[in-house]
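A.B. asks: The following comprises the amino acid sequence and a computationally predicted model.
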Amino acid sequence: MKAAYRSRDTWRATFAEVVLQHEPGEDGACITCLRPAPCEIWTSLEDSNRGVFKEMEKLSGLDGRELELALYPERVTDRDFDGL
Ligand SMILES: [Zn+2]
């Protein structure tokens, strides 16, 4: 069970690392694609999986330490996975 959650955590963090590079900058354009935000990364994600899109949207609202903890939580025992 723990291995499955750990795998999910890794997948989620990797996905977030890619998607969160496509946030809008101050000029309203994607900071990576430089196209009007939301760029194709976000619109494709929303079209293909609304649940993952919402999760990524939630993560995009975090910054610094909060984001790091959300992406790389310290989970040691099975209990750490409670409530997921
Ligand atoms: Zn982009």
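C.D. replies: Done, it's in.
A.B. asks: Which secondary structure state does the residue nearest the centre of the chain sit in?
C.D. replies: Geometric centre of the chain, nearest residue: Ala16, 3.2 Å, by C-alpha atoms, centre = their mean. At Ala16 the chain is in helix, as set by DSSP: H, G, I helix; E, B strand; the rest coil.
A.B. asks: was I right about it contacting Phe53?
C.D. replies: No - using C-beta atoms under 8 Å, Ala16 makes no contact with Phe53, being 11.8 Å away. (Each C-beta comes from the backbone N, C-alpha and C, glycine too.)
A.B. asks: dump the residue contacts of the spatially closest residue to Val52 that is not a sequence neighbour.
C.D. replies: Nearest residue to Val52 in three dimensions, chain neighbours excluded: Leu45, at 6.4 Å (C-beta to C-beta, 6 or more residues apart in numbering). By C-beta atoms under 8 Å, 6 or more residues apart in numbering, Leu45 lies in contact with 19, 52-53, 56.
A.B. asks: cool, Val19 as well?
C.D. replies: Contacts of Val19 by C-beta under 8 Å, 6+ apart are 41-42, 45, 56, 60.
A.B. asks: in the protein, which segments are predicted with low confidence?
C.D. replies: The model of the chain has pLDDT under 70 over residues 1, 75-78, 84.
A.B. asks: quick one, helices of it?
C.D. replies: Counting by DSSP state H, the chain has helices at residues 2-19, 40-48, 50-60, 64-71.
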